[in-house]
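>>> This is the structure alone, sequence omitted:
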């Protein structure tokens, strides 16, 4: 084995003994030991050397009657060293995932956090169907979360939507909210008489129950949207840029600088601290595409710009193995629940390749 390979094995050995071996390094070590007999021989020699260094010094001859105690101790140390290697090798096999081309979706549960209570799973094997919280009864079914009953106070509950999922909830006033992946909604079980307020991070579609005496207000990190009965979409994934798209009714959007604009159906506004509020018409037939699992026709778009969407839609962590990969422009159909089709189309361009390590999606050079 070449000298640089020997140095690599020794470096990996030292990292494992020090407990600093990374996931990628562990994968590299496993591949070396599986494919290179000389690498395995060097590794075994290092293991034996470590065992000899860990053994106690030989006892003086005058204590020769206790020789078997020292021999047993040395034997135990060598067995322990061997067991340590075997255990951690298997541990790496089980903890650190193997490199693969297959996408295995991660199914994280939608969670409801109720103040003073444990979190409640709304999807997955541990999801509940009926749950009682004080005087409020929760019902969770195929149409989402519904609840009824009198709540004490107006404490805010938190609905957490993980990446790769979406979920619907019907509020106490009959307002319907459909939340996109990687989003969070804070809301009370009951609203005070004078106002209905919720807090959104991420993206959601609202169909607000009309009530002229009780305005509905959606707060994002840097905007407030006042509604009296309407249907609209809010995209607030980016704290510095919020997009509000109105399909029916009327909404007033106010930014942190107190600038405000009232939208008419078919209009949307984008708010950003850098240029205030901008309005423009939009296609009302496409704004709800994410609710139907529809996506985008990607054309000559940089991978770095697609990273946030891939992270949210498919519960993956996009990693560029080389910095220049972030600037590669790709083309292909990007739809929810169809990541492999997008990756095949991207790879067909010949400019990029990919692989998975657990939930990590790595883009690399072909």
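Done, it's in. Bear in mind the structure is a predicted one, so any value in this text is a computation, not a measurement. Numbering: from 1, shown residues only.
>>> Show me what the longest strand belonging to the chain is packed up against.
In the chain, with assignment by DSSP state E, the single longest strand is strand 196-207. Packing partners of strand 196-207 (3 or more CB pairs under 8 Å, 6 or more residues apart in numbering; DSSP states H and E): strand 176-179, strand 183-188, strand 216-219, strand 231-238. Heads up, the C-betas are built off the backbone N, CA and C, glycines and all.
>>> what about that strand, average pLDDT?
The average pLDDT within strand 196-207 is 96.
>>> what does that strand contact?
Outside strand 196-207, the residues that touch it by CB atoms under 8 Å, 6 or more residues apart in numbering are 156, 161, 171, 173, 175-187, 191, 211, 214-221, 227, 230-237, 288, 290-291.
>>> re earlier: make JSON lines from the helices and strands packed on strand 196-207 and add distance to residue 277 and mean pLDDT to it.
Output for these, formatted as JSON lines (distance: least, CB to CB, whole Å; pLDDT from 0 to 100):
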{"stretch": "strand 176-179", "distance to residue 277": "23", "mean pLDDT": "97"}
{"stretch": "strand 183-188", "distance to residue 277": "22", "mean pLDDT": "96"}
{"stretch": "strand 216-219", "distance to residue 277": "15", "mean pLDDT": "95"}
{"stretch": "strand 231-238", "distance to residue 277": "14", "mean pLDDT": "92"}
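>>> got those as CSV, with distance to residue 106 columns?
What follows is the helices and strands packed on strand 196-207, written out as CSV (distance: least, CB to CB, whole Å):
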stretch, distance to residue 106
strand 176-179, 18
strand 183-188, 17
strand 216-219, 29
strand 231-238, 19
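>>> For residue 45, see how far away residue 336 is.
Per CB to CB, to the nearest Å, residue 336 is found 52 Å from residue 45.
>>> So which of the two has more stuff around it?
Here residue 336 and residue 45 are compared on neighbour count by other CB atoms under 10 Å; more neighbours surround residue 336, at 20 against 12.
>>> right, and the more buried one touches residue 313 too?
Yes. With contact defined as CB atoms under 8 Å, residue 336 reaches residue 313; the gap is 5.6 Å.
>>> quick one on the thing from earlier: I'd like to know which of the helices and strands packed on strand 196-207 lies nearest to residue 331.
strand 231-238 (23.2 Å; CB to CB).
>>> Packing partners of that closest one?
The helices and strands touching strand 231-238, judged by 3+ CB pairs under 8 Å, 6+ apart, are strand 196-207, strand 223-227, strand 241-248.
>>> Give me the nearest residue to residue 289, chain neighbours excluded.
Spatial nearest neighbour of residue 289, excluding adjacent residues (CB to CB, 6 or more residues apart in numbering): residue 295 at 7.3 Å.
>>> That neighbour reaches residue 335, doesn't it?
Yes. Counting by CB under 8 Å, residue 295 touches residue 335, with 3.6 Å between them.
>>> hmm, back to that, next one, pLDDT for the residue nearest to residue 289 please.
So, for residue 295, pLDDT stands at 76.
>>> List the contacts of it.
Residues in contact with residue 295 (CB under 8 Å, 6+ apart) are 289, 333, 334, 335, 336, 338.
>>> what about 7 Å?
Residues in contact with residue 295 (CB atoms under 7 Å, 6 or more residues apart in numbering) are 333, 334, 335, 336.
>>> For residue 363, state which of those is nearest.
Nearest to residue 363 among the contacts of residue 295, with distances taken as CB to CB, is residue 334, at 14.2 Å.
>>> close enough to count as contact, the closest one and residue 299?
No. With contact defined as CB atoms under 7 Å, residue 334 does not reach residue 299; the gap is 10.4 Å.
>>> pLDDT below threshold where in the chain?
Where the chain drops to pLDDT under 70, the residues are 1-7, 15, 17-28, 31-32, 34-37, 53-96, 258, 273-274.
>>> hmm, back to that, what strands flank the longest strand of the chain, and is each parallel or antiparallel?
Strand pairing for strand 196-207, using DSSP bridges, gives strand 176-179 (antiparallel), strand 183-188 (antiparallel), strand 216-219 (parallel), strand 231-238 (antiparallel).
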